[in-house]
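K.L.:
Give me the fold of what follows.
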Amino acid sequence: MTIYIAVCDNNIADRKQLERLLEREKDKRLMENYDVLYIDSFGSEEALMTTPVKYDIFFVDITEGASNGMEIAKKLRHRGIAAPVVLCQSSINYTSYVNAPEDIIYIEKPLTKGQISHLVDVALEWAKRRTPLIEARCQKDTRFIQHDELIRAIPLEKFLTRLCLSSGEYLDATDSVNSIGKQLETYGCFIKCKKDLVNIYHIESAIDHGFRLTNQDIVYYSMMQRKQIIRIMAENMRYLKVH
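P.N.:
Next up, the predicted model:
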């Protein structure tokens with residue numbers, strides 16, 4: 001299996017040492033079970049945040065500048081990145097922070113060979129069960145959301161689509177509803193109601209030619225869409241019976 005690992009550390013010596021340990025683990029796993037490790041190393045938050053969605057685990061320790069490792073962990077979680085984050089403690093005691101995000105792993109530097117092997121196993125388990133995230137490019141930042149968080153996508157303009165989330169939050173994505181729809185095809189549970197995209201698992205009840213959703217929105221479908229809606233619902237019912 002392929003595992004993507006991100007190292008973000010402003011201390012060059014510490015970063016190089018961690019890279020060496022990971023490279024040794026990479027060689028060992030390739031020989032033993034053909035797992036492939038891709039390791040990307042960054043010296044700043046800005047470089048890490050370019051494409052964080054690709055990684056299965058993060059090793060982070062930033063101690064200089066306006067941000068630090070804990071702030072980076074919070075930003076990753078805010079953007080919807082749920083992969084394991086390892087805060088490698090050196091001059092900052094990250095365990096002392098209040099309101100820390102969930103599922104953070106704290107480890108004192110320097111890391112050992114055994115710790116690296118265990119954490120790569122953690123990343124491997126994450127990679128096995130991870131599902132693709134939906135990318136929502138907004139005006140100020142990019143968010144990544146789970147498909148079951150999305151209730152409804154509403155086209156506002158040609159390249160502006162409002163995403164209604166189960167948390168009650170609204171995101172205005174600078175993409176067309178058709179572009180977002182292509183991302184949603186892989187999940188097989190989104191239907192077209194007029195111009196909106198609706199997650200069938202957020203349908204609360206049926207009304208004449210439409211549905212009431214879990215956020216109490218009302219959506220209507222055209223009669224031409226009815227056959228496609230029934231087909232998608234039937235396929236999801238069959239999937240649930242199998243699983």
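K.L.:
rest of the way, CA atoms for contacts and neighbours
P.N.:
Fine.
K.L.:
tell me what the helix or strand harbouring residue 121 is packed against?
P.N.:
With elements taken from DSSP states H and E, the one containing residue 121 is helix 113-129. Other elements packing on helix 113-129 under the criterion 3 or more C-alpha pairs under 8 Å, 6 or more residues apart in numbering; DSSP states H and E are strand 2-9, helix 12-32.
K.L.:
most packed of the ones you listed?
P.N.:
The highest mean neighbour count among those belongs to strand 2-9 (a mean of 21), with neighbours defined as mean count of other C-alpha atoms under 10 Å.
K.L.:
Against residue 173, how distant is the closest residue to residue 94 other than its chain neighbours?
P.N.:
What sits nearest to residue 94 in space, not counting adjacent residues and going by C-alpha to C-alpha, 6 or more residues apart in numbering, is residue 70, at 6.4 Å. Using C-alpha to C-alpha, to the nearest Å, residue 70 is found at 27 Å from residue 173.
K.L.:
now swap in residue 226 and tell me
P.N.:
Here the criterion is C-alpha to C-alpha. By it, residue 226 lies 27 Å from residue 173.
K.L.:
out of the two, which sits in the busier spot?
P.N.:
Set residue 226 next to residue 173 and count neighbours by other C-alpha atoms under 10 Å: residue 173 wins out with 24 against 15.
K.L.:
Is the more buried one bridged to anything, and to what?
P.N.:
Beta-bridge partners for residue 173, by DSSP bridges, are residue 138, residue 161.
K.L.:
same deal with residue 61?
P.N.:
When bridges are called by DSSP bridges, residue 61 pairs up with residue 9.
K.L.:
what sits against it?
P.N.:
By C-alpha atoms under 8 Å, 6 or more residues apart in numbering, the contact set of residue 61 is 8, 9, 10, 68, 69, 87, 88, 89, 90.
K.L.:
Likewise for residue 100?
P.N.:
Contacts of residue 100 (C-alpha under 8 Å, 6+ apart): 70, 74.
K.L.:
mind checking the SS state of it?
P.N.:
Each residue gets one of three states, and residue 100 gets coil by DSSP: H, G, I helix; E, B strand; the rest coil.
K.L.:
what's the distance between it and residue 149?
P.N.:
Using C-alpha to C-alpha, residue 100 is found at 22 Å from residue 149.
K.L.:
same deal with residue 73?
P.N.:
With the distance defined as C-alpha to C-alpha, residue 73 ends up 21 Å from residue 149.
K.L.:
more neighbours, those two?
P.N.:
The residue with the greater number of neighbours, taking residue 73 and residue 149 and applying other C-alpha under 10 Å, is residue 73; the counts read 22 against 17.
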